[in-house]
Each structure stands twice: as structure tokens, then as C-alpha cells.
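Q: Sequence and predicted model, in that order:
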Amino acid sequence: MPATVIVGAQWGDEGKGKIVDLLAQDSDLVCRYNGGPNAGHTIVAGGETYKLRHMPSGILWGKECVIGAGCVVDPGVFIEELDGFEQRGLSTHLVRLSGDAHMIMPWHLAIDQASERRLGKLQIGTTRRGIGPAYADKAYRLGIRLQDLFDPKILRQKIEVALAEKNVWLERVYGVEPIELEELAARYEGYAQRLRPYLADTSLLVDRALRDGKQVLFEGAHGTLLDIDHGTYPFVTSSPTVAGGACTGIGIGPMRIDSVIGVAKAYVTRVGAGPFPTEIEGPDQERVRELGGEFGTVTGRERRCGWLDLVALRYAVRLNGITSLALTKLDVLSAFAELPVCTAYELRDSTRTEEFPAHQSDFHAARPVYEVLDGWGETLDGELPDSAQRYVEFVERELDVEVSWVGTGAERERVLARESALH
Ligand code: IMP
């Protein structure tokens, strides 16, 4: 399929990086269309572990990599990432950055951190990377874009205008140090030198690639339930994480997309606060966390762990128009004799629904209805044992979508392509 979107179908950390990495081999271009350094892909290749922040996973295959207008970029973090790849012998000369992408500025980080502190128990549990404040300023039209770096006069003026307002907030509302104009302007002018070679008209570049029949992968960051419009608001990130975001975030029309691959774990995890109906009670949560290595790539925080939630996954299939699924980390479930799978929610009025509640209070109060499937009691190596096969087929039947890939281990090669992946 020339244009394929890969989306996280849960709350992020579904193992998208690994599936993108697998499909990137046969792609010409790999594009990020949303989010910033709050995303973190971990890819294990050739015994080396790579943690990606801004960078599309295609970097590891030497592919052309695009960071689209819908992303927010922290230039300091991005440059560190570039340097890190170069030091490990990976070329970055095929990385392309949209000049329309907004920059995360130091005040965004300061405000994200201070506002979370201030919210106390009500905090969202953000990654504290300045994401929300950066997208807020973009919508407020106070944002500073990467292209502004290349006109020092405009850059300085925009920083000055923003600081006049931000410093009042920092000092008076949050009681933290103000930011100094001169040092900041000089630092950002310095970034311009390093970033200039990477800037490109990425919408045009992707459009041309598609016209030339090239294979383009759009790599969604985070997960469907963290989507700003359709996720579990306010416990969401600040960008569109769903497949539709690929069109707006890159600058291509919706008819250009050929397929949408949803990536879901064989169980569920969530970082940060917010409702989570299938969160496991008791010691099994800790077991899943340890076996699955469920600690945040960006923040190192413990991830909350739950059983597979097909109500939420059905919602993700609908929102994204998922045409096939990759079910990752099935091996983590090998340790369990019985596997609860949530097929419906029971609501406050004791009715049952298989559809994701449209009202947040219903979702907050939803209780999972489980069907308990047999475990397989053996490590997954090669063909799936019968019970594991049944687990996968159960998911397919319930969602009416084919599971085309199954992840059975951390390494790059531990992904089984099922029949439907081959055509
Ligand atoms: P922010 O994106 O840093 O503003 O955080 C908002 C919410 O999204 C928090 O609950 C984060 O934990 C969550 N979040 C953001 N990015 C990711 C991700 O890549 N994986 C999992 N959770 C994420």
C-alpha cells in the first residue's frame, strides 16, 4: 500500500515503533505527523537499543524521514537526538523538517511543569515536555515556528512579544524565575545553523513521493485514547493522534491514505492519570509490568497495566478506520493461566454496552465485563500454540478486523506476520 498510517490504538506505548520499524524496511519515506518529544519509541536492533523522541523510526533503515507541520519540536532535544545518531554511525542527512512545525520554547517547559505542580492531585500527569503549552500557543497564535529561526530579526521580535506575557505568568502566577531575552535569543539563533540543512517543504515532498508511486509510512505518536478531540479528555495529549491527523499534520488530502494499521498491545497500559476500566487489581498488575518492562521511555514512570479492553479497541477501530491490526507483546501474557478480556462495559444503570461511552461520566463509572480465555503456558517461539491462536482469533472476531501481525518479543525479528499481512 503506497500510503499507510500506523496508529496506536490504546493509550500509547503499544509498540508502534517496532511495527513501523518492520514496515519501514520496504518504505521510501517515514513521516511523523503529530506530537513532540513526549513520544518515545524504543527499538531493539542488532543488540542495540534505540530510544527515539522526535525522530521517525525510518532513521534506523536509512530512509528519508519527515517531521511534519503538525509536530512540535524542541530544537535542543532534536539536535541532541541528531548528534546521538551521528555518533552511533547513523546518517541523518535524509531527515526533513517542516518549517511550519512549532517550537517548544523554554517557557512551555516551565509552564507545563509549574502548572502540573499547581494542580497537585488533579494533575494530568503530563510528560512535562512543554507539549500542552506549545500547542496552546499555536492555537492562540503566539507560537514560534521553526522557519522563524532563519530570520533573526523576526525571531527576536517574536520571543520578545511572547516573553512579555509569559514572564508575567511565570513570576506572578507560578512564582518561578522569569526567562531572560538575550541569552534565549542567542541560543535559538545558534540552533538555526545546525537545523538549516534539514528544513524542507514537507507537504510538497510527501505529495511528490506519493505521485511517484513511492511507499510512504505515516507514524502516529501516542495513542487513540490520548487524542485531543476523541480521547479521554482532559487526560489526553494536545494533538490529534488518530489517523486523520496524518492528513492535517503532513498536509495531504484524506483520499491519499490507502490503509490504516492499528497497533495494540495484547493487554493495555496507561501512563498518567485518568480512568482505566480494565486496570488490574492485585499482584498481577505488577507481574505484567515487570514482564512487559512497562516503564515510560520518556519519563521512566511506571505504567499502569490492565487486561485487554475490546470496547476501547472497537472505538479505536472506528475512529481511525483501522484496516488491520498488529497485536504486540503477546509473549508477556504467557505467564498467565487465565486471561480476562473485556468485551463490554457495565454502566451505572446496570445496562451493558459494547460501545465506548460518549459521556465521560459514564466512562469513569464503567465496569469491565470479562470473558476469560485460556492461557497457553509456554514461551512463544515460532508458530503460536493453539490457545494463543485462539486469543488472537477472539480479538479478530470481536472487532471484525484482521490481526495481521503478532509481536512475541522485544527484538526486531520477533514479529509473526499472519496470512492477512501477506496480501
Ligand atoms: P503530554 O503529552 O506530555 O501533555 O501528556 C498528556 C498525557 O498524555 C499524559 O497522561 C501522558 O502520560 C500521556 N502521553 C503523552 N505521550 C504519551 C506516549 O507517547 N505514551 C503514553 N502516554 C503518553
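A: All right, it came through fine. Every value quoted in this text rests on a predicted model; they were computed, and no experiment measured them. Numbers count the residues shown, from 1 in each chain.
Q: just how off-centre is stretch 226-238 within its chain?
A: 12 Å (Cα atoms, centre = their mean, to the nearest Å).
Q: what pLDDT does Leu122 get?
A: The model reports Leu122 with a pLDDT of 88.
Q: and it, how many residues sit next to it?
A: By the criterion of other Cβ atoms under 10 Å, Leu122 has 9 neighbours. (Each C-beta comes from the backbone N, C-alpha and C, glycine too.)
Q: which ones are touching it?
A: Residues near Leu122 by Cβ atoms under 8 Å, 6 or more residues apart in numbering: none.
Q: how near is the closest residue to Trp61 other than its chain neighbours to Thr127?
A: Of all residues not flanking Trp61 in the chain, Ala24 sits nearest, at 5.0 Å (Cβ to Cβ, 6 or more residues apart in numbering). Distance from Ala24 to Thr127, counting by Cβ to Cβ, to the nearest Å: 24 Å.
Q: Now the residue in the stretch 1-150 of the chain that the ligand sits nearest to: which helix or strand?
A: As assessed by Cβ to the nearest ligand atom, the ligand sits closest to Gly12 within the stretch 1-150 of the chain, at 2.6 Å. For Gly12, there is no host helix or strand (DSSP states H and E).
Q: which residues in the chain form helices?
A: Secondary structure of the chain by DSSP state H: the helices cover 16-24, 75-87, 106-119, 131-140, 152-168, 181-195, 202-211, 245-250, 283-292, 310-320, 360-365, 386-399.
Q: my guess is the residue of the stretch 1-150 of the chain closest to the ligand meets Leu226, correct?
A: Yes: under the criterion of Cβ atoms under 8 Å, Gly12 makes contact with Leu226 at 5.6 Å.
Q: Can you check which residues contact both of those two?
A: Thr241.
Q: that older thread, the residue nearest to Trp61: neighbour count?
A: Under the neighbour criterion other Cβ under 10 Å, Ala24 is assigned a count of 26.
Q: My guess is it contacts Met55. True?
A: No: with contact defined as Cβ under 8 Å, Ala24 does not count as touching Met55 (11.7 Å).
Q: hang on, Thr297 packs against Pro37?
A: No: between Thr297 and Pro37 there is no contact under Cβ under 8 Å: 10.5 Å.
Q: which of these two has more neighbours?
A: Higher neighbour count among Thr297 and Pro37: Pro37, with 25 against 18, using other Cβ under 10 Å.
Q: what's near enough to touch the more buried one?
A: Contacts of Pro37 (Cβ under 8 Å, 6+ apart): Arg53, His54, Asp74, Val77, Phe78, Ile104, Thr127, Arg129, Val298.
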